[in-house]
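Participant: Sequence first, predicted coordinates after that:
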Amino acid sequence: MDARPRDICAELLAALDASEGRRRRRKRDTTPDAIGLAIKRDLLERAIAADPEPDGFEAWLHEQCLAAGGSEGGVRAMALSIFEEWRLAHDADAFREWLARGAPSDDARSE
């Protein structure tokens, strides 16, 4: 697969809708979930705009963590999640195909 981080991150951004749908339906306080999803959305949007080279994507994510300063912990957690999904998109055809189809999920539907 020759996809660039920009391409995978755009598809991962679309997949966040399902996470938001699940979060909104939970009965408990989902503030921490919302914060994590916002950090992840921001990182994905920055990756799309920056369009780092595939071989340098991990280093680019690390730079984002360092730039976060005092809030590095949350950024690091979401950067690791994004990098794992990036690798999964390269290694698992079914995951890549699901992303390419727009990450369809019943959870993405609003009530």
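Facilitator: Good, I have the coordinates. Numbering: from 1, shown residues only.
Participant: Can you dump the C-alpha atoms of stretch 55-62 in CSV for me?
Facilitator: Taking Å, rounded to 0.1, in the frame of the first residue of the first chain, the C-alpha atoms of stretch 55-62 are listed here in CSV:
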residue,chain,number,x,y,z
ASP,A,55,8.8,7.1,6.5
GLY,A,56,8.8,10.2,8.8
PHE,A,57,5.2,9.9,10.2
GLU,A,58,6.3,8.4,13.5
ALA,A,59,8.9,11.2,13.9
TRP,A,60,6.3,13.8,13.0
LEU,A,61,3.9,12.5,15.6
HIS,A,62,6.7,12.5,18.2
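Participant: what sits up against it?
Facilitator: 5, 43, 47, 50, 52, 79, 82-83, 86 (C-beta atoms under 8 Å, 6 or more residues apart in numbering). Quick note: C-beta positions are derived from backbone N, CA and C, even for glycine.
Participant: List only buried entries from those.
Facilitator: 5, 43, 47, 52, 79, 82-83, 86 (16 or more other C-beta atoms under 10 Å).
Participant: possible to save those as TSV with secondary structure and pLDDT?
Facilitator: Formatted as TSV, these follow (DSSP: H, G, I helix; E, B strand; the rest coil; pLDDT from 0 to 100):
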residue	secondary structure	pLDDT
P5	helix	95
L43	helix	97
A47	helix	98
P52	coil	97
A79	helix	97
I82	helix	97
F83	helix	97
W86	helix	95
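Participant: Surely I82 touches L43?
Facilitator: Yes - with contact defined as C-beta atoms under 8 Å, I82 and L43 form a contacting pair (5.9 Å).
Participant: returning to what we had before: can I get the buried ones among the contacts of stretch 55-62 in TSV including distance to P32?
Facilitator: Below are these laid out as TSV (distance: C-beta to C-beta, whole Å):
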residue	distance to P32
P5	27
L43	17
A47	23
P52	28
A79	17
I82	18
F83	21
W86	24
